[in-house]
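*Asks:* What follows is a predicted structure for the sequence shown.
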Amino acid sequence: MAEVSVEFIKGEKHLTWYSDDFTIIRHIKKLQENNPNDVIVVSEDDNSILVHVPISWFREPKPKVKREMTDEQREAARIRMSEVARSRHR
């Protein structure tokens, strides 16, 4: 099972981000490539990575908004999305 951990300490300038999920590791490495001064690799091995990143990069998780829609609203949304998809393929 993959693990992702974020440690935030109030007053610090960075947060610590650990992962052994290969998708997250690839994402972190891409961030490091694009922001070498902001992503500091503390520890890395074949299966995990531990980095420090600026606290300003962190957003607290928010629950998804649950929307109650009638059948008519759902159909209208489906039609709008179909039109958007068609306009992109032109």
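*Replies:* Alright, I've got the coordinates.

*Asks:* Going along the chain, name the strands of this structure.
*Replies:* Assigned by DSSP state E, the strands in the chain fall at 4-7, 14-19, 40-44, 49-54.

*Asks:* Could you dump those into a markdown table with mean pLDDT added?
*Replies:* Shown next, in a markdown table, are those (pLDDT from 0 to 100):
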| stretch | mean pLDDT |
| --- | --- |
| strand 4-7 | 91 |
| strand 14-19 | 94 |
| strand 40-44 | 95 |
| strand 49-54 | 95 |
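
*Asks:* wait, which of those is closest to Glu33?
*Replies:* Counting by C-beta to C-beta, Glu33 lies closest to strand 40-44 out of these; the figure is 11.5 Å. C-betas here are computed from N, CA, C, even on glycine.

*Asks:* mind saving the C-alpha coords of the closest one as CSV?
*Replies:* In CSV, the C-alpha atoms belonging to strand 40-44 read as follows (Å, rounded to 0.1, in the frame of the first residue of the first chain):
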residue,chain,number,x,y,z
ILE,A,40,15.1,20.1,-1.4
VAL,A,41,15.5,16.4,-1.4
VAL,A,42,16.3,15.3,2.2
SER,A,43,16.3,11.5,1.5
GLU,A,44,15.7,9.3,-1.5
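
*Asks:* quick one, which of the strands of the chain is nearest to Glu83?
*Replies:* Once the strands of the chain are compared by C-beta to C-beta, strand 4-7 is nearest, at 37.6 Å.

*Asks:* just to revisit the earlier point, I'd like the strands of the chain laid out as CSV, including mean neighbour count.
*Replies:* Listed next are these as CSV, based on neighbours: other C-beta atoms under 10 Å:
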stretch, mean neighbour count
strand 4-7, 12
strand 14-19, 19
strand 40-44, 12
strand 49-54, 19
